[in-house]
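J.: Pasting the sequence and the predicted coordinates here, then a few questions.
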Amino acid sequence: MSTENSFDIVSAIDMQELNNAIQQAEKEIDNRFDFKGSKSSIKLEKNELVVASDDEYKLNSVLDVLHAKMVKRGISLKNLQYGKIEPAASSTVRQRIGLKQGIDQENAKKINILIRDSKLKIKSQIQGDQLRVTGKSRDDLQQAIQLLKRADIELDLQFVNFR
């Protein structure tokens with residue numbers, strides 16, 4: 001048995017759950033009285049959502065419905081990057097929402113510094129868009145997870161491959 005324990009820190013959106021949340025939100029929009037006759041839609045295109053509606057007020061209502069469905073399905077809203085509201089065809093408005101997948105270099109460095117400053121006997125290294133944290137003591141690794149859960153990082157972090 002290895003003396004080194006480790007886990008990976010990733011930031012990912014479960015795309016199947018996101019598809020389910022979008023379908024549920026569209027179903028609710030189709031059935032709600034306040035959306036009858038409106039041109040409201042939610043589309044998933046590669047790594048972004050495109051939300052369209054009649055006006056800014058209805059667009060915000062569509063986003064509220066979508067957010068509720070996403071939270072209910074366990075998808076964090078931290079990984080959404082909102083674009084500006086722009087006019088679209090036939091007097092509607094549209095907003096593009098980017099989906100942040102993976103940990104960018106800036107946030108990876110912040111996490112590395114947090115782990116280094118924690119004085120725990122663990123090491124972390126950046127591996128592409130994720131981080132690997134290793135240490136001899138499982139307790140230290142669990143303390144690091146708790147530290148990162150409490151930290152103010154603008155990404156939703158998941159902790160996987162705990163060995």
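T.: Perfect, I can see it now.

J.: in the sheet, who's paired with the residue lying closest to residue 130 once chain neighbours are set aside?
T.: Take residue 130 and drop its neighbours on the chain: the residue closest to it by Cβ to Cβ, 6 or more residues apart in numbering is residue 10, 4.6 Å away. All C-beta atoms are positioned from the backbone trio N, CA, C, and that covers glycine. Per DSSP bridges, the residues bridged to residue 10 are residue 158.

J.: And residue 33, how far from residue 62?
T.: 14 Å (Cβ to Cβ, to the nearest Å).

J.: show me where pLDDT drops low in this structure?
T.: Low-confidence segments of the chain (pLDDT under 70): 1-2.

J.: Show me the domain layout of it.
T.: 5-12+102-160, 15-99 (automatic domain parsing).

J.: Adding mean neighbour count, write those domains out as CSV.
T.: Formatted as CSV, the domains of the chain follow (neighbours: other Cβ atoms under 10 Å):
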stretch, mean neighbour count
domain 5-12+102-160, 15
domain 15-99, 15
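
J.: How about the residue nearest to the spatial centre of the chain, nearest residue that isn't a chain neighbour?
T.: Nearest residue to the geometric centre of the chain (Cα atoms, centre = their mean): residue 79, 2.7 Å. Distance criterion Cβ to Cβ, 6+ apart; nearest residue to residue 79, sequence neighbours excluded, is residue 100 at 4.5 Å.
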